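1. Okay, here's the prediction I keep looking at, along with the sequence it came from:
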Amino acid sequence: MAEPPLAAKVAALRDPRCYGEPVGRIEAIETHMSWVFLTETHAWKLKKPVHFGPLDFRSIAARHFYCLEELRLNARLAPAVYLDVAPLALRPDGGLRVGDAGTPVDWLVKMRRLPSDLLLDALLARHAATPTDMQAIGRRLAAFHHMLPAAPLGARAYRVLLLRRIDEDEQDLASPAWGLPAARVHWLCAWQRAFLAHHASLFDTRVAAGRVVEGHGDLRPEHVWLGKPLAIIDALEFSVELRLQDAADEVGFLALECERVHAAALGRELLDAWRAASGDPVPSALLDFHQSCRACHRARLAILHLQEERYRASPQWRCRALRYLALAERHARAAGT
């Protein structure tokens, strides 16, 4: 049986009759890797059959596996949000419906719909996020990291992993195709490599202390919901390697994202609360190193949008990449040598 095209699945999921529950209006949102269909009470995520680096959703079996992974991973920080993995089935009459009656031709993650006005990115945009909010997030992340086992990799393997990420970021960011300041990119990545080499024992100590864990993997403000109970959603499901990180790196990334939108003081509140709750004596220089690396990686992800035709006319992605490079340089200079 031939798999229905993505367009047919999207068209079916736009129809309220496709769902096994009363549904009125449906809002469809397309992202880089998925379609999300919002009903009054639920969000249904359909993964696209795409292939980007370590992400490979081209087969139905792979999409099913990663839907299950998404459910499993997000049960750690948002158990009340992630509800089920449901089949999109081809019925004998040729129609597509969500449910078990028919042959599965794809899979969806079923989630509780969260009011978007309580997402941290929305609160930051309205200048409505508070120090109390950030302290709550810091404490929740400290409890999360405390329950995680140490990552199953040795100290040298961890440093090799970090070095490879630096090299990959440099290769893309310095490409003449994007017109970014290559000299700044090379300086930043050379500094990051030098810090990693000169402070190898610091990284090794973090691994030995169990501070490197399999965390959330993509801790951005749009993934933090400040309702009751607080939920941290959208853990990165498609790569174990990308989830392997120092717990301080993970929290530092969220603080960096606050800094990017001119809320650095709130980022510091987050870090202070996490440090106090976790008892982690992470050195400030190490935190700055990770934030510099994260900023370079986010610059890379921003500029690579220009590979796609639909993004090339917008100056947004180059401006965002330059903003991240400025943050990367600031944290490198703060860390010193």
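-> Happy to help now that I have it.

2. Partner strands of the worst-scoring helix or strand of the chain on mean pLDDT, with direction?
-> Comparing helices and strands within the chain by mean pLDDT, DSSP states H and E singles out strand 51-52 as the least confident, with a mean of 88. In its sheet, strand 51-52 lies beside strand 55-56 (antiparallel), with partners assigned from DSSP bridges.

3. ok, then the element right after the partner strand?
-> From strand 55-56 onward toward the C-terminus, using DSSP states H and E, the following helix or strand is helix 60-74.

4. How about that next one, which residues are buried there?
-> If you call a residue buried by 16 or more other CB atoms under 10 Å, then helix 60-74 has these buried ones: 60, 62-67, 69-71, 73-74. C-beta coordinates here come from the backbone N, C-alpha and C atoms, glycine included.

5. As PDB, could you dump the C-alpha coordinates of it?
-> Presented in PDB, the C-alpha positions along helix 60-74 are these (Å, rounded to 0.1, in the frame of the first residue of the first chain):
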ATOM      1  CA  ILE A  60       6.600   5.700   9.000                       C
ATOM      2  CA  ALA A  61       8.500   3.400  11.400                       C
ATOM      3  CA  ALA A  62      10.900   6.200  12.300                       C
ATOM      4  CA  ARG A  63       8.100   8.700  12.800                       C
ATOM      5  CA  HIS A  64       6.300   6.200  15.100                       C
ATOM      6  CA  PHE A  65       9.500   5.600  17.100                       C
ATOM      7  CA  TYR A  66      10.200   9.300  17.600                       C
ATOM      8  CA  CYS A  67       6.600  10.000  18.600                       C
ATOM      9  CA  LEU A  68       7.000   7.400  21.300                       C
ATOM     10  CA  GLU A  69      10.300   8.900  22.300                       C
ATOM     11  CA  GLU A  70       8.700  12.300  22.400                       C
ATOM     12  CA  LEU A  71       6.000  11.000  24.800                       C
ATOM     13  CA  ARG A  72       8.600   9.200  27.000                       C
ATOM     14  CA  LEU A  73      11.100  12.100  27.200                       C
ATOM     15  CA  ASN A  74       8.400  14.700  27.900                       C
END
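
6. Beyond that helix, next helix or strand please.
-> Scanning forward in sequence from helix 60-74 by DSSP H and E, the next helix or strand is strand 82-90.

7. rewinding a little: from the chain's centre, how far out does the least confident helix or strand of the chain sit?
-> A distance of 16 Å separates the C-alpha centroid of strand 51-52 from that of its chain, computed with CA atoms, centre = their mean, to the nearest Å.

8. Name the residues that touch it?
-> By CB atoms under 8 Å, 6 or more residues apart in numbering, the list of residues contacting strand 51-52 from outside reads 32-33, 57-58.

9. one more time with 6 Å
-> Applying CB atoms under 6 Å, 6 or more residues apart in numbering, the external contacts of strand 51-52 come out as residue 58.

10. can you pull out the strands in the stretch 1-150 of the chain?
-> Counting by DSSP state E, counting those that start in this stretch, one finds strands in the stretch 1-150 of the chain at the ranges 27-30, 34-38, 42-47, 51-52, 55-56, 82-90, 96-98, 103-112.

11. got the contact list for the fifth one?
-> Pointing back at strand 55-56 there. The contact list for strand 55-56, computed with CB under 6 Å, 6+ apart, reads residue 238.
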